[in-house]
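In: Prediction below, plus the sequence it came from.
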Amino acid sequence: MSGFRLDGIAVVIPCYRVGRAVLDVIARIGPEVARIYCVDDACPDRTADLVEREAKDPRVVVIRHAANGGVGAAVVTGYKAAMADGMRVIVKVDGDGQMDPALLPAFVGPILRGEADYTKGNRFYDPDGLKGMPPVRLVGNAALSLLTKASSGYWTVFDPTNGYTAVHAAVLDLVPLDRLARRYFFESDMLFRLNLARAVVLDVPMKAVYGSERSNLDPLRVAPEFLRRNLANLAKRIVYGYLLRDFNAASLALLAGLPLTLFGLVYGALTWAASAAANALTPAGKVMIAALPIIVGAQLLLTFFGFDMAAVPQRPIHPRLVEMKAALKRG
């Protein structure tokens, strides 16, 4: 990682039931990193004590939560500490050893080169690397990726629950950290907030690594919450982006397409039900009254989503944010 300043890169490790694996993670973090924040999220195994006792790396800073807040809360605590210490790029890795610290240059490089504001891992690039992924996670990640693409507006990224990430500190200044989801929806919620800030997000290929440990994430238990939160974020993103901040052809297509489609579906369903109850054929005219709004409305909705997919942020914002901050300091 030649040329990277040692005073600018930090790693945040949320710690909850990771055992001694966190010590190996710390040991494998390269010299390009200036500070390592281990956030003990009220772990019953006393991970903070373990790290303080056995991790001899002077870069390590141990932070304790008095009560368990979830992985998102732990990451936010690490983010705030790193920003307070003047770090430029903040990487988040898990403490269970599933994320290889050797990949740090691949995550940090695009940000320091001004190509991205936020990078995240993607375990789906190499099909051969997915052989060790449990089927329930494979299917669940595919479904969540589609939902998160729509809710966040980042149609070109995948594997939204991947927690191996890096972000420029200047971009975090635009993210309401205290309003982010605190538990497993954290990564998806972060993408939604980044899109509101128009930050550029880049996927970084990585291999899926699964050992004998049991994940704290129960797909069946969190599925309803993920669905509800993604739909809520989709609605908020559309209102913010196409009705409040801007109003364009895509806004018109959505405002016309949605009610037309809903009218056609509801009218068609009611007409079919009435005809079925009367044991009679539905008149052709009524069929057309239902079909035409659906056809036109669906076409308008496709136009909207085509515009939305083309509107994925392409120009990183952190270079301008850093320049503006420097200009303000100069007075």
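Out: Nice, I can see it. Residues are numbered from 1 along each chain as shown.
In: Can you name every helix or strand that the lengthiest helix in the chain contacts?
Out: If you go by DSSP state H, the chain has its longest helix at helix 249-278. Judged by 3 or more C-beta pairs under 8 Å, 6 or more residues apart in numbering; DSSP states H and E, helix 249-278 is in contact with helix 284-310. C-betas here are computed from N, CA, C, even on glycine.
In: Show me how this protein divides into domains.
Out: For the chain, automatic domain parsing gives the domain ranges 9-241, 247-310.
In: Of the ones you listed, which stretch is the most buried?
Out: Counting by mean count of other C-beta atoms under 10 Å, domain 9-241 has the highest mean neighbour count of the domains of the chain, with a mean of 19.
In: about what we covered before: by mean pLDDT, show me the worst of the domains of the chain.
Out: Sorting those by mean pLDDT places domain 9-241 lowest, at a mean of 91.
In: Need the distance between the two termini of that one.
Out: Domain 9-241 has an end-to-end distance of 32 Å (criterion: C-alpha to C-alpha, to the nearest Å).
In: Where do the strands of the stretch 51-200 of the chain begin and end?
Out: In the stretch 51-200 of the chain, the strands defined using DSSP state E, counting those that start in this stretch lie at 60-64, 89-92, 118-122, 165-168.
In: Take those strands and write them to CSV, including distance to L243.
Out: CSV is the format used below for those (distance: least, C-beta to C-beta, whole Å):
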stretch, distance to L243
strand 60-64, 40
strand 89-92, 33
strand 118-122, 25
strand 165-168, 28
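In: helix/strand/coil for P313?
Out: coil (DSSP: H, G, I helix; E, B strand; the rest coil).
In: In contact with it, which residues are there?
Out: P313 is in contact with N195, R198, A199, V200, V201, counting by C-beta atoms under 8 Å, 6 or more residues apart in numbering.
In: same question, L174
Out: Counting by C-beta under 8 Å, 6+ apart, L174 makes contact with A197, A199, I317, L321.
In: just checking, which of those belong to helices?
Out: The helices, defined by DSSP H, take in L321 from the contacts of L174.
In: A326 is nearest to which of the domains of the chain?
Out: Taking C-beta to C-beta, domain 9-241 is the member of the domains of the chain nearest to A326, at 10.6 Å.
In: any idea how far the nearest residue to K236 once chain neighbours are set aside is from I111?
Out: The spatially closest residue to K236, leaving aside those adjacent along the chain, is F192, at 7.7 Å (C-beta to C-beta, 6 or more residues apart in numbering). Distance, F192 to I111, by C-beta to C-beta, to the nearest Å: 20 Å.
In: And for L260?
Out: Taken as C-beta to C-beta, the span from L260 to I111 is 43 Å.
In: ok, now L144?
Out: 25 Å.
In: same question, D85
Out: Note on D85: its distance to I111, by C-beta to C-beta, is 18 Å.
In: Give me the nearest residue to A199, chain neighbours excluded.
Out: Going by C-beta to C-beta, 6+ apart, A199 has D117 as its nearest residue, at 3.9 Å.
In: pretty sure that neighbour is in contact with I111, am I right?
Out: Yes: applying C-beta atoms under 8 Å, one finds D117 in contact with I111, separated by 6.8 Å.
In: which residues do those two both contact?
Out: Going by C-beta under 8 Å, 6+ apart, residues that sit against D117 and also against I111 are V167, H168, H318.
In: Spatially, which residue comes closest to the second one, not counting chain neighbours?
Out: This means H168. Closest residue to H168 apart from its sequence neighbours, by C-beta to C-beta, 6+ apart: H318 at 4.0 Å.
In: mind listing the helices for the stretch 101-250 of the chain?
Out: In the stretch 101-250 of the chain, the helices defined using DSSP state H, counting those that start in this stretch lie at 104-112, 135-152, 169-172, 186-196, 219-239, 249-278.
In: The fifth one packs against which elements?
Out: On a contact count with 3+ C-beta pairs under 8 Å, 6+ apart, helix 219-239 meets helix 135-152, helix 186-196.
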